[in-house]
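Peer 1: quick check, what structure comes out for this input:
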Amino acid sequence: MAAPKRTTWKKHREIFSLQYWSKFVFDPGHAILAMFCLLAAEIAVNVLVIQRIKYTEIDWIAYMQEVGGVVNGSYDYMTLKGDTGPLVYPAGFVYIFLGLYHITERGVNIVLAQYIFAALYVLSLMVIFDIYRQVKQVPPYVLFFMCCASYRIHSIYVLRLFNDPVAMLFLYVAVDLFLRDSWGWGCLMFSFGVGVKMNILLFAPALLMLLVVRHGTVGSLKYLTICATSQIVMGLPFLLVNPIGYIARSFNLGRQFFFKWTVNWRFLSEEMFLNRYFHLLLLASHVIVLLLFFWFKWKRLFPGTKFQLLMKSSGGPLSPTQIVLPLFTCNFIGMCFSRSLHYQFYVWYFHTLHYLLWATPLPTVVRLLLLGMIEMSWNTYPSTDFSSSALHVCHGVALFGLWTSSAYTPATQTITATKLE
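Peer 2: Below is the predicted model of the structure:
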């Protein structure tokens, strides 16, 4: 009769041991506890930020003026504008901020808007945590640097009320749905994200590859149709009034950015920054690096798959690494070669950096140093020659680490496949 008591006592001793609790700090497979704790902490942090730190007006009033034009009956994108200029976002933005316009008493109730964005932030974290829970790549302690440690991210959400976080929430929901092999709903959410802001298209090349691998060339047409149709439906009220104006304004790929707001190209002269040939060089570099990763790296994630014009379906769900690594890397490459990064653009890739860095073979101290240097660069206002140069160096080191990632080696793929079975 004594044996069961000894077993129970042994289990109690294990619970109080350092080895037992260390897995909740260092083991990616036991991140749930850290996630719950950080979500609770984030709720408190956001409330404190809203109550203690002064709100800074940048684009919120302009957003309200832009959608206010729709309230007044105008559906011509050439006439919709605010203090910062014309409306340059697709129809999805209009619908969401039209709702916020009415909820916040025509945009006057700023505090209510801040709490809505705080809820948006917590919801986004829940979705991101679910993605990280499935990939099982990042140790739980690293999630702290994703949450409470970033001043700039909290500022973007609850002190500036930018539209970028709204677009990114749809993107992360789409990725979470892809991980559940729900590609139809995922493509719809992806399209909604594009409908809020075009930066979501930075993920599109990798998504196209995944659709073709998972569903084949012909099968992927259905999902591309979902993306295209939803864009047409969202934009229909504006397309019926002035189709050229809507497309030219909301999907303008040739927009010029102001040099004074750039985070990544401060060390250049303003003349070079605005030079069209420089923009073409960046675009060409972007495309070349994407093609290199596709041909030499991403294809290796799908051993046995023959890439050709008419491809067959993979016949089964893709692994979390096969989905997340190309998508996040594709977006990161776009950030590396962006014509200009403004401070709110940090949210475009911040929550992916931790996964990407822990997908590299870089030492942990280097990964943490890169996170710190990147945070420093985005928190330096106005940007300096040093901060923008440091950002490019960090991007370059991270990109090299992704190129040498062990995820592309046959041995790693075999281990991953075994775990999935």
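
Peer 1: tally of neighbours for Q65?
Peer 2: For Q65, the count of nearby residues is 17 (other CB atoms under 10 Å). C-betas here are computed from N, CA, C, even on glycine.

Peer 1: can you name the residues that contact the residue nearest to it when sequence neighbours are not counted?
Peer 2: Distances taken as CB to CB, 6 or more residues apart in numbering place G82 nearest to Q65, at 3.6 Å, with adjacent residues excluded. Applying CB atoms under 8 Å, 6 or more residues apart in numbering to G82 gives the contacts 61-66.

Peer 1: who does G82 bridge with?
Peer 2: Per DSSP bridges, the residues bridged to G82 are G85.

Peer 1: show the pLDDT at it.
Peer 2: G82 is assigned a predicted lDDT (pLDDT) of 95.

Peer 1: in helices only, show me the contacts of G82.
Peer 2: Judged by DSSP state H, these include 61-66 as members of helices.

Peer 1: of the contacts of G82, which is the nearest to P303?
Peer 2: Nearest to P303, judged by CB to CB, of those is Y63 at 47.1 Å.

Peer 1: what about T360, distance to Q19?
Peer 2: In this view, T360 and Q19 are 28 Å apart by CB to CB, to the nearest Å.

Peer 1: more neighbours: which of the two?
Peer 2: More neighbours surround T360 than the other of T360 and Q19, with 21 against 7 (other CB under 10 Å).

Peer 1: quick one, what contacts the closest residue to the more buried one other than its chain neighbours?
Peer 2: Nearest residue to T360, sequence neighbours excluded (CB to CB, 6+ apart): G401, at 2.9 Å. With contact taken as CB under 8 Å, 6+ apart, G401 is in contact with 357, 359-362.

Peer 1: select, from the residues you listed, the two members most distant in space.
Peer 2: Top of the distance list for these (CB to CB): L357 and P361, 10.6 Å.

Peer 1: neighbour-wise, which of the two wins?
Peer 2: Remark: of L357 and P361, L357 carries more neighbours, 24 against 11, as counted by other CB under 10 Å.

Peer 1: what's the neighbour count on F296?
Peer 2: Quick note: F296 (other CB under 10 Å) scores 11 neighbours.

Peer 1: measure it to Y101 for me?
Peer 2: Taking CB to CB as the measure, F296 falls 48 Å from Y101.

Peer 1: related to what we said a few turns ago, and the pLDDT for the residue nearest to T360?
Peer 2: In this model, G401 is scored at 98, pLDDT.

Peer 1: now name the helix or strand holding it.
Peer 2: Secondary-structure assignment from DSSP states H and E places G401 in helix 385-403.

Peer 1: now do that helix: distance to the chain's middle.
Peer 2: 18 Å (CA atoms, centre = their mean, to the nearest Å).

Peer 1: and it, which residues are buried?
Peer 2: Neighbour counts over helix 385-403 (16 or more other CB atoms under 10 Å) mark 387-391, 394-395, 397-399, 401-402 as buried.

Peer 1: wait, which of these is closest to I288?
Peer 2: Of all these, I288 sits closest to L399, with 12.7 Å by CB to CB.

Peer 1: burial count for the closest residue to that closest one other than its chain neighbours?
Peer 2: Using CB to CB, 6+ apart and skipping the chain neighbours, the partner closest in space to L399 is C336 (6.1 Å). When neighbours are defined as other CB under 10 Å, C336 has 21 of them.

Peer 1: report the contact partners of C336.
Peer 2: Here C336 is in contact with 286, 289, 392, 395-396, 399 (CB under 8 Å, 6+ apart).

Peer 1: swap the cut-off to 10 Å and go again
Peer 2: By CB atoms under 10 Å, 6 or more residues apart in numbering, C336 lies in contact with 264, 282, 285-286, 289, 349, 391-392, 394-396, 398-399.

Peer 1: which residues touch the nearest residue to P382 once chain neighbours are set aside?
Peer 2: Leaving aside its sequence neighbours, P382 sits nearest to K260 (CB to CB, 6+ apart; 7.2 Å). For K260, the contacting residues are 266, 270, 382-383, by CB under 10 Å, 6+ apart.
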